[in-house]
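Asker: fold the following and give me the result.
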Amino acid sequence: MGLHERRQREKESIRANILQAAFGLAKTEGWASLSMRKIADAIEYSAPVVYDYFENKEAILYEISINGFHCLHIELLKAQRKFDTPEEQLIAIVDAYWDFAFKNKEYYQLMFGLGMQCSGKGQMKEEFSSFQDLIYECTYNIIKKNGNNTENACHMSHALFSAVHGLISIMMMRNADIPSTMNKTTLDETVSAFVKSL
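Answerer: Below is the predicted model:
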């Protein structure tokens, strides 16, 4: 391995360590307490080294959120591919979205700005709309299969997205006084009623 390749690999390693340390700190202390100084201390480098790789904390948060959207996208596609009918696919995609949110709470909070400022404002990537795109596709296919007007697919799928994201947000921000089983039951009933309405 040449000197240039070795230096490049070292840079990539430090960059990955910065992101890993930031995410680890967020899990233990919360996103609000994250700082460039804490990240530098965690990787045992000085703060200027962290600034060599990322302009500011927001740039780190944005990078982590992109990774979160990418992970979510993979889970949604896996769920979709398990089934053949659009009805089953829709239910599986919504369930995968719900599971991702609660298994990866720190990611979800950052990705959608729950209890904090949303990172990456105005820097949309394809993965950001993955869930909306997939439920639109299923909604469109169900409406078409039922011989109804597909012009409503966009409005209907947006309504479902709003309901699912709303339930997750309520659960994350007020989990002390709302049983998790109640919200999951509400979700299942909402999706079932949604499919029947198409």
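Asker: domains of this protein?
Answerer: The chain breaks down by the TED database into domains covering 1-54, 69-197.
Asker: can you tell me which of those is most buried?
Answerer: Most buried of the domains of the chain, by mean neighbour count (mean count of other Cβ atoms under 10 Å): domain 69-197, with a mean of 16. Where you see a C-beta, it was placed from the backbone N, CA and C, and this is true even at glycine.
Asker: what about it, how long is it end to end?
Answerer: 29 Å (Cα to Cα, to the nearest Å).
Asker: and for stretch 170-186?
Answerer: Stretch 170-186 end-to-end distance (Cα to Cα) = 12 Å.
Asker: hmm, back to that, now the domains of the chain in a markdown table, with mean pLDDT and distance to residue 61?
Answerer: Converted to a markdown table, the domains of the chain look like this (pLDDT from 0 to 100; distance: least, Cβ to Cβ, whole Å):
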| stretch | mean pLDDT | distance to residue 61 |
| --- | --- | --- |
| domain 1-54 | 92 | 7 |
| domain 69-197 | 89 | 4 |
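Asker: turn those domains into TSV, including distance to residue 62.
Answerer: Formatted as TSV, these follow (distance: least, Cβ to Cβ, whole Å):
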stretch	distance to residue 62
domain 1-54	9
domain 69-197	4
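Asker: can you say which helix or strand has the residue nearest to residue 190 when sequence neighbours are not counted in it?
Answerer: Once flanking residues are discounted, residue 190 sits nearest to residue 163: 5.4 Å by Cβ to Cβ, 6 or more residues apart in numbering. In this structure, residue 163 sits in helix 153-173 according to DSSP states H and E.
Asker: who does that helix touch, helix- and strand-wise?
Answerer: Judged by 3 or more Cβ pairs under 8 Å, 6 or more residues apart in numbering; DSSP states H and E, the packing partners of helix 153-173 are helix 86-103, helix 105-112, helix 130-145, helix 180-197.
Asker: out of these, which comes closest to residue 32?
Answerer: Judged by Cβ to Cβ, the one of these that comes nearest to residue 32 is helix 105-112, at 10.2 Å.
Asker: quick one: contacts of that closest one?
Answerer: Helix 105-112 is contacted by residues 23, 26-27, 31, 61, 64-65, 67-69, 71-72, 100-102, 114-116, 118-119, 165, 168-169, 172 when judged by Cβ atoms under 8 Å, 6 or more residues apart in numbering.
Asker: apply 6 Å and report the result again.
Answerer: Residues outside helix 105-112 that contact it (Cβ atoms under 6 Å, 6 or more residues apart in numbering) are 26, 27, 65, 68, 101.
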